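Curious how this folds, go ahead:
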Amino acid sequence: MPTASTKRRLTAGAALVVAALMTTTACGGGDDGDSDSKGAGYNAGIGKVANKSDKKGGTLRFIAKQPLDSADPQRAYYGMSWDFMRYYTRTLVTYDTKPGEASNKLVPDLAKDNAEISEDGKTYTYKLRDGLTWEDGSKLTSKDIKYGIERIWATEVITGGPAYLKQVLDPKGEYKGPYKDKSADKLGLKAIETPDDQTITFKLPKPNSDFENMLAMPSGSPVKQEKDTKAKYANEPFSSGPYKFESYRPGKSISLVRNTKWKKSSDPVRPALPDKITVTFSSNKEENDKKLMEGEYDIDMNGTGMTQSGRITAIQDHKGNVDNMETDFIRYVALVTKTKPLDNVECRKAVFYGTDFSALQKTRGGPLAAGEIATSPLPKSIPGSDDYDPYGVGERKGKPDVAKAKDALKKCGKPNGFSTKVTARTDQPNEKEAATQLQQDLGKVGIKLEVDTIVGSESSSITGSPAVTKKRGYGLIMSGWGPDFPSGQGFGQPLWDSRFIAENGNYNEAQVSDPKIDKMFDDALAAGSPEEAAKIYTDLSHEVMDQAVWMPFLQEKNITWRGPRVTNVYSSAAYSGRYDYISLGVK
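Coordinates of the predicted model:
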């Protein structure tokens with residue numbers, strides 16, 4: 001699941017303030033702030049519900065530095081987009097509205113129950129709830145769900161979202177999508193059957209134990225065919241949830257109001273507490289933090305943490321409104337294997353050895369505010385993750401090994417180094433600083449980096465396009481990734497499986513194309529038990545590290561603001577540690 005100002009050195013005074021922040025953060029709960037902004041307590045939203053209430057009414061106000069990658073459910077891939085979409089999209093099954101790891105449980109949403117699964121694991125059948133409606137009051141049927149899912153196949157228009165359902169239901173790519181569908185009803189995908197309006201059946205060519213998790217993504221949500229405006233659908237999606245769009249100005253603002261045709265009796269998942277939900281997009285990260293603490297906004301929708309200055313003020317003055325979130329996100333650098341000389345494994349290893357991981361950690365806030373240095377490409381929460389560290393990053397406490405970097409450069413035929421480009425998203429906190437730090441580190445071993453900044457919402461057509469990557473000469477792509485669902489498949493397949501490489505919306509940015517790795521994914525999916533699958537994912541993650549195609553550098557944490565008037569606030573593992581937006585209310 002995909003997620004910067006100019007690099008500056010800390011003065012001695014600022015370093016002392018940061019040290020004080022870390023000392024304070026490590027302390028216990030309670031509110032150390034002024035009487036006007038007392039919160040539920042430090043870390044009150046982690047593992048439990050802060051400000052529990054079932055009170056309805058009011059306006060919930062989000063602020064966000066980075067806009068939605070898309071409001072179209074079949075085109076979105078940002079975790080915060082998936083979290084937010086549950087206001088206006090529904091799926092057959094969804095994640096439970098409970099704190100922490102309990103949120104990973106799948107519960108019925110549009111469906112009456114979880115799937116009825118055949119003994120061979122290839123057929124999934126659902127019966128829909130009664131009373132399902134669209135925002136115009138018309139009945140929502142099984143055919144609407146099938147049509148919404150079919151849109152994933154229309155890759156000439158519908159780009160950027162996850163491709164799991166397409167790969168699992170139609171691995172040979174025989175269906176061409178609804179816009180090229182010659183059938184009268186545009187429902188020609190054979191793998192999905194809708195014998196009546198209340199029944200939907202999925203026929204898989206081979207079993208996949210994660211299939212229901214795939215259906216829980218927004219890409220599994222219904223779309224009413226008459227309202228599908230193709231590429232323009234992102235401008236005004238048609239609601240199946242408790243809220244509908246009042247207005248949407250992409251990159252500027254969103255306003256959601258109650259969908260009066262939604263029936264609570266058909267939706268046991270969503271409490272739908274606020275009367276209105278607003279989002280303001282602003283790239284001024286420091287100003288956003290200030291407005292959150294002043295009470296102008298309630299929650300940062302991006303969920304990627306506060307800035308350095310924001311963290312210091314929040315911890316010192318408003319500690320009861322702060323949660324130190326542990327996320328499932330890995331911050332990483334993809335090494336593009338089709339860009340010379342990074343097509344040579346020794347040149348890629350030189351990058352690993354020349355990188356100062358501890359310095360990258362500092363650019364994002366240090367161990368408590370940013371997280372631990374990562375050596376495994378799999379988050380700790382994924383079965384199969386281990387401490388494999390072939391480049392000795394942990395042993396050298398994240399510091400570079402200049403001698404080994406230069407030796408690797410000799411082995412790849414570039415004893416004097418080489419030049420390439422690294423990308424950084426301007427609307428991601430500290431990503432440009434991290435890229436600039438990497439530029440300094442690798443420069444010391446002869447690798448000359450040019451930092452090329454891009455807008456994150458445009459990344460699916462820039463770094464997500466192998467053709468654009470080649471044209472611009474990108475060798476390194478800096479980004480972050482969280483699991484789409486809690487398994488090795490749900491984290492790693494879009495990143496390292498060659499069958500997921502796409503012309504646009506490609507997340508295999510390193511362009512890993514190795515039949516051995518592809519087969520390991522297949523073997524894990526065919527494994528007889530979760531333990532057997534986890535062992536294969538361990539071996540797969542080792543192969544990724546040995547090939548030096550994907551360089552993890554941080555297992556992310558962050559300092560997150562929780563507005564004092566917001567109710568039912570808790571961190572959801574299903575959304576990589578973000579708050580579960582559909583449960584939120586306001587006092």
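
List the residue ranges of this structure that fall below the pLDDT cut-off.
Within the chain, the set of residues satisfying pLDDT under 70 comprises 3-37, 429.

Strand partners (parallel or antiparallel) of the lengthiest strand in it?
As assigned by DSSP state E, the longest strand anywhere in the chain is strand 322-335. For strand 322-335, the paired strands and their directions (DSSP bridges) are strand 474-481 (antiparallel), strand 550-561 (antiparallel).

following that strand, which helix or strand shows up next?
Toward the C-terminal end, the helix or strand that comes next after strand 322-335 (DSSP states H and E) is helix 345-354.

excluding its backbone neighbours, what's nearest Val422?
Here the nearest residue to Val422 in space, its sequence neighbours aside, is Leu476; by Cβ to Cβ, 6 or more residues apart in numbering that works out to 3.9 Å. Bear in mind the C-beta positions are built from the backbone N, C-alpha and C, glycine included.

I figured that neighbour hits Lys421, correct?
Yes - with the criterion set as Cβ atoms under 8 Å, Leu476 and Lys421 qualify as a contacting pair; they are 7.2 Å apart.

Of the two, which one has the most company?
A side-by-side neighbour count of Leu476 and Lys421, using other Cβ atoms under 10 Å, places Leu476 first with 28 against 19.

Bridged to the more buried one, which residues?
Bridge pairing for Leu476 (DSSP bridges) gives the partners Leu335, Val422.

Going along the chain, name the helices of the stretch 201-350 of the chain.
In order along the chain, the stretch 201-350 of the chain carries the following helices (DSSP state H, counting those that start in this stretch): 211-215, 285-294, 308-317, 345-354.

Reformat those helices as JSON lines; add distance to Gly58 and mean neighbour count.
JSON lines is the format used below for those (distance: least, Cβ to Cβ, whole Å; neighbours: other Cβ atoms under 10 Å):
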{"stretch": "helix 211-215", "distance to Gly58": "33", "mean neighbour count": "23"}
{"stretch": "helix 285-294", "distance to Gly58": "17", "mean neighbour count": "19"}
{"stretch": "helix 308-317", "distance to Gly58": "23", "mean neighbour count": "20"}
{"stretch": "helix 345-354", "distance to Gly58": "50", "mean neighbour count": "23"}
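
Can you tell me which of the ones you listed is nearest to Gly443?
Each of those was scored for nearness to Gly443 using Cβ to Cβ, and the closest is helix 345-354 (8.9 Å).

Hmm, Pro73 is touching Thr89, no?
Yes - here Pro73 lies in contact with Thr89, judged by Cβ under 8 Å, at a distance of 4.8 Å.

Name the residues contacting each of the two.
Common neighbours of Pro73 and Thr89 (criterion: Cβ atoms under 8 Å, 6 or more residues apart in numbering): Pro218, Ser221, Pro237.

What is the burial count for the residue lying closest to the first one once chain neighbours are set aside?
Going back to what we said before, that points to Pro218. Nearest-residue entry for Pro218: Pro73, 3.7 Å, with adjacent residues in sequence omitted and distances by Cβ to Cβ, 6+ apart. Burial of Pro73 is recorded as 27 neighbouring residues (other Cβ under 10 Å).

for the one 5 residues further on, same thing?
Counted with other Cβ under 10 Å, the burial measure for Tyr78 works out to 24 neighbours.

May I ask which helix or strand encompasses the nearest residue to it once chain neighbours are set aside?
Excluding its sequence neighbours, the residue lying closest to Tyr78 (Cβ to Cβ, 6+ apart) is Asp69, at 4.6 Å. Under the criterion of DSSP H and E, Asp69 resides outside all helices and strands.

looking at it, Asp69 is touching Gly79, isn't it?
No - taking contact to mean Cβ under 8 Å, the distance of 10.0 Å between Asp69 and Gly79 leaves them out of contact.

So for the two, which sits in the more crowded spot?
Neighbours of Asp69 and Gly79, each counted by other Cβ under 10 Å, are more numerous for Gly79; the result is 27 against 23.

Please list all residues in contact with the spatially closest residue to Asp389 that is not a sequence neighbour.
Once flanking residues are discounted, Asp389 sits nearest to Thr375: 4.2 Å by Cβ to Cβ, 6+ apart. Under the criterion of Cβ under 8 Å, 6+ apart, the contact partners of Thr375 comprise Asp387, Tyr388, Asp389, Tyr391, Val393, Gly394, Met545, Pro552.
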